[in-house]
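[1] sequence? don't have it. structure:
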């Protein structure tokens, strides 16, 4: 009997040690989405438009928000005007609820992103939300492609 307990403890210790080496990851609702922006000029090179899925704010109660930012792949660009639209499904289309605009350096983080948010009228109605993010590099022309994030269903009345 003591041998079985000893072996079980050893196995458990090995499993716990192995689990502690596996990096943690966020659930799908907070995973950032991204879209490569193909640039038509030689001087700019490339960048990635990034944004997270619509989600409930961790700081403002009963509010859905989302963030948009950019990451530089290479080239001389140092600033981008980020525009983010928080949208809700309306019939067969999408309705803009809020728009955020901010000119930021590459990277993300609280001071390097644009924010769009919506205060819920109730937490009973279920709606589908998404975000659309546009990164326009300051001083360079770029295409009209935008990042559209995966739809999130949230209990937030509009």
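    Yes, it's here. Since the structure is predicted, the reported quantities are computational estimates derived from the model, not experimental observations. Numbers count the residues shown, from 1 in each chain.

[2] what residue is smack in the middle of this structure?
    residue 52 (0.9 Å; C-alpha atoms, centre = their mean).

[3] so how far is residue 131 from residue 158?
    15 Å (C-beta to C-beta, to the nearest Å). In short, each C-beta sits where N, CA and C put it, glycine included.

[4] between those two, which one's more packed in?
    residue 131 (29 against 16; other C-beta atoms under 10 Å).

[5] give the contact list for residue 103.
    79-82, 138 (C-beta atoms under 8 Å, 6 or more residues apart in numbering).

[6] Which one (most neighbours) among those residues?
    residue 80 (29 neighbours).

[7] which residues does it contact?
    Per C-beta under 8 Å, 6+ apart, neighbours of residue 80: 47, 70, 103-104, 106, 135-138.

[8] which of these are buried?
    Restricting the contacts of residue 80 to buried positions leaves 47, 70, 104, 106, 135-137, with burial counted as 16 or more other C-beta atoms under 10 Å.

[9] Mind checking which of these land in strands?
    47, 70, 104, 135-137 (DSSP state E).

[10] Show me which of those residues is closest to residue 59.
    Comparing those against residue 59 with C-beta to C-beta places residue 104 closest, at 19.2 Å.

[11] right, and the closest one touches residue 83 too?
    No - using C-beta atoms under 8 Å, residue 104 is not in contact with residue 83, being 11.3 Å away.

[12] Identify the contacts common to the two.
    residue 114.

[13] So, low pLDDT: which residues of the chain?
    1-45 (pLDDT under 70).

[14] all helices for it, in order.
    Counting by DSSP state H, the chain has helices at residues 2-20.

[15] tell me the contacts of the closest residue to residue 132 other than its chain neighbours?
    Once flanking residues are discounted, residue 132 sits nearest to residue 85: 4.6 Å by C-beta to C-beta, 6 or more residues apart in numbering. By C-beta under 8 Å, 6+ apart, residue 85 lies in contact with 96, 98-99, 116, 131-133.
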